[in-house]
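Q: pasting a predicted model and its sequence here:
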Amino acid sequence: MTSTSQTPGSGARAAHPEHLGHVIFITAAAAMGGFLFGYDSAVINGAVEAIRDRYGIGSGTLAQVIAIALIGCAIGAATAGRIADRIGRIRCMRIASVLFTISAIGSALPFALWDLAFWRIIGGFAIGMASVIGPAYIAEVSPAAYRGRLGSFQQAAIVIGIAISQLVNFGILQLADGKQRGTIGGLEAWQWMLGVMVVPALLYGLLSFAIPESPRYLISVGKNERAKEILSEVEGKEVDLDARVAEIQAAMHREHKSTFKDLLGSRFGFLPIVWVGIGLSVFQQLVGINVAFYYSATLWQSVGIDPTTSFFWSFTTSIVNIIGTVIAMVLVDRVGRKPLALAGSTGMAIALACEAWAFSAELVNGKLPTTQGVVALIAAHVFVLFFALSWGVVVWVFLGEMFPNKIRAAALGVAASAQWIANWAITASFPSLADWNLSGTYIIYTCFAVLSIPFVLKFVKETKGKALEEMG
């Protein structure tokens, strides 16, 4: 599931569709999968303490329930490409929409802890599918002149989904008098938080009926005339459609289906470039970014901030996340990937160190002292900002560009798997680590942020302005 190559002969590089608004609509509809990705990833933040209380579970069990969705994510991401190549991108989106809907309903109405975990896995599978299908589809329908900007819709949708989930949780909490287990219409507040995802899930499914299938998939199954119609819509009528179809067919014949064996080197298992990709993926997670979205409400409550206010601060971090993502989109092609990564690592290390210092203070009447409390809040927002304007976007750009054509698909799969594993490790370990020593936990994240600096300086090569064929 890679985007097609384009050569000047068909006029594809200079293609400008007559109705750019239509192309933007198609892209935004596909990016709804990213919105659900972000929404589902963060919505559990509002239910963490209620689930702990309702089922009387400890931090270890709670962490497994929260993190278990990542198992589904890994399976969904690993299988989505083959499913989409077999039945099409649009049908794959509809399957993800159905799974999102089922997961939302099941999670809102669990019989016991085990089936809540099961519905979380189903939702994770849908997240994994959406994380692969959305970017692939957008790349395949975007005109070359707009591909970078349209491709950024997916990441923007993810961070907006995170923010909206926090806002919805905050609103539901207000209706429940600030109590996660407060009742609204016969259900507890946390159940409504998980169930509301039915709305964007159904919208995602409905939008899939309003957008066309990928021209690349249509050509792969012999529907060339329909592919030409869609190419005319998204690239413009001045493009030589017969030549475009021929280009896509030739590119598909040339493509090398990379396998795991292609990634192996002689000394250290994988080829050096694959290890660099794995390192980027792992460092992105080991700085503890998901703690800011999965557990932020719990984090603030643990230092004495009341539940209603804690949800407000969780929402503000999501807004900062959006601002940082926009900054990264503006700068990534101007200043380069590597400078952004280094700036982000430095900023994150300082912010995390400040959080570690703040949380080392003894609580006074259940709250941090005023100075430490202010530092903790500011540092948390600064951390999210520096992550969003650097590693949040840059790692995905690097992974899409840094591998040689021959191994790109397989190497991306390995790097993405490493990211899900690291994500799981951080998500599953945080409650127990926080119980042990919250300040010490942030010191660990600080160390990883610091270590990422020499890693980038020594092993990561700048990819700005280089053709994909130059990589490796």
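A: Right, received. Where do you want to start? No experiment lies behind these values; they were computed from the predicted model shown.
Q: all contacts plus neighbour counts: C-alpha atoms, from now on.
A: Will do.
Q: at which residues are the helices of the stretch 51-200 of the chain located?
A: Along the stretch 51-200 of the chain, counting by DSSP state H, counting those that start in this stretch, helices occupy 59-67, 69-87, 89-108, 113-141, 147-175, 189-195, 198-207.
Q: can you redo the ones you listed as CSV with distance to Ala379?
A: Supplementary listing: the helices of the stretch 51-200 of the chain in CSV, determined by distance: least, C-alpha to C-alpha, whole Å:
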stretch, distance to Ala379
helix 59-67, 24
helix 69-87, 27
helix 89-108, 33
helix 113-141, 29
helix 147-175, 19
helix 189-195, 27
helix 198-207, 32
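Q: Serialize those to CSV and add fields for mean pLDDT and mean neighbour count.
A: Converted to CSV, those look like this (pLDDT from 0 to 100; neighbours: other C-alpha atoms under 10 Å):
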stretch, mean pLDDT, mean neighbour count
helix 59-67, 80, 20
helix 69-87, 82, 20
helix 89-108, 94, 23
helix 113-141, 86, 25
helix 147-175, 81, 22
helix 189-195, 92, 25
helix 198-207, 94, 18
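Q: nearest to Gly392, out of the ones you listed?
A: helix 147-175 (8.7 Å; C-alpha to C-alpha).
Q: hang on, the earlier thing: out of the helices of the stretch 51-200 of the chain, nearest to Gly279?
A: Nearest of the helices of the stretch 51-200 of the chain (C-alpha to C-alpha): helix 69-87, 17.8 Å.
Q: please save the CA atoms from that closest one in PDB.
A: The C-alpha atoms that make up helix 69-87 are tabulated as PDB, following Å, rounded to 0.1, in the frame of the first residue of the first chain:
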ATOM      1  CA  ALA A  69      -6.000  -2.100  23.300                       C
ATOM      2  CA  LEU A  70      -2.500  -1.800  21.900                       C
ATOM      3  CA  ILE A  71      -2.500  -5.600  21.200                       C
ATOM      4  CA  GLY A  72      -5.500  -5.000  18.900                       C
ATOM      5  CA  CYS A  73      -3.600  -2.000  17.400                       C
ATOM      6  CA  ALA A  74      -0.600  -4.200  16.500                       C
ATOM      7  CA  ILE A  75      -2.800  -6.900  14.900                       C
ATOM      8  CA  GLY A  76      -4.900  -4.300  13.000                       C
ATOM      9  CA  ALA A  77      -1.900  -2.500  11.700                       C
ATOM     10  CA  ALA A  78      -0.200  -5.700  10.600                       C
ATOM     11  CA  THR A  79      -3.200  -7.000   8.700                       C
ATOM     12  CA  ALA A  80      -4.800  -3.800   7.300                       C
ATOM     13  CA  GLY A  81      -2.500  -3.500   4.300                       C
ATOM     14  CA  ARG A  82      -3.300  -7.000   3.000                       C
ATOM     15  CA  ILE A  83      -7.100  -6.600   3.800                       C
ATOM     16  CA  ALA A  84      -7.100  -3.300   1.800                       C
ATOM     17  CA  ASP A  85      -5.200  -4.800  -1.100                       C
ATOM     18  CA  ARG A  86      -7.800  -7.600  -1.300                       C
ATOM     19  CA  ILE A  87     -11.100  -5.800  -0.800                       C
END
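Q: what packs against it?
A: helix 89-108, helix 113-141, helix 408-459 (3 or more C-alpha pairs under 8 Å, 6 or more residues apart in numbering; DSSP states H and E).
Q: among those, which comes closest to Phe386?
A: Using C-alpha to C-alpha, these put helix 408-459 closest to Phe386, at 11.2 Å.
Q: how distant is that closest one from the center of its chain?
A: Centre-to-centre, helix 408-459 and its host chain are 15 Å apart (C-alpha atoms, centre = their mean, to the nearest Å).
Q: who touches stretch 60-79?
A: With C-alpha atoms under 8 Å, 6 or more residues apart in numbering as the test, stretch 60-79 has contacts from 44, 48, 51-52, 116-117, 120-132, 413, 417, 420, 423-424, 427-432.
Q: could you work out the end-to-end span of it for me?
A: Distance between the two ends of stretch 60-79: 29 Å, counting by C-alpha to C-alpha, to the nearest Å.
Q: give me the neighbour count for Trp220.
A: If you look again at residue 220, you'll see it is Ser, not Trp. 16 (other C-alpha atoms under 10 Å).
Q: for it, which non-adjacent residue is spatially closest?
A: Gln249 (7.7 Å; C-alpha to C-alpha, 6 or more residues apart in numbering).
Q: nearest to Val245, out of the helices of the stretch 51-200 of the chain?
A: Judging the helices of the stretch 51-200 of the chain by C-alpha to C-alpha, what sits closest to Val245 is helix 113-141, at 12.8 Å.
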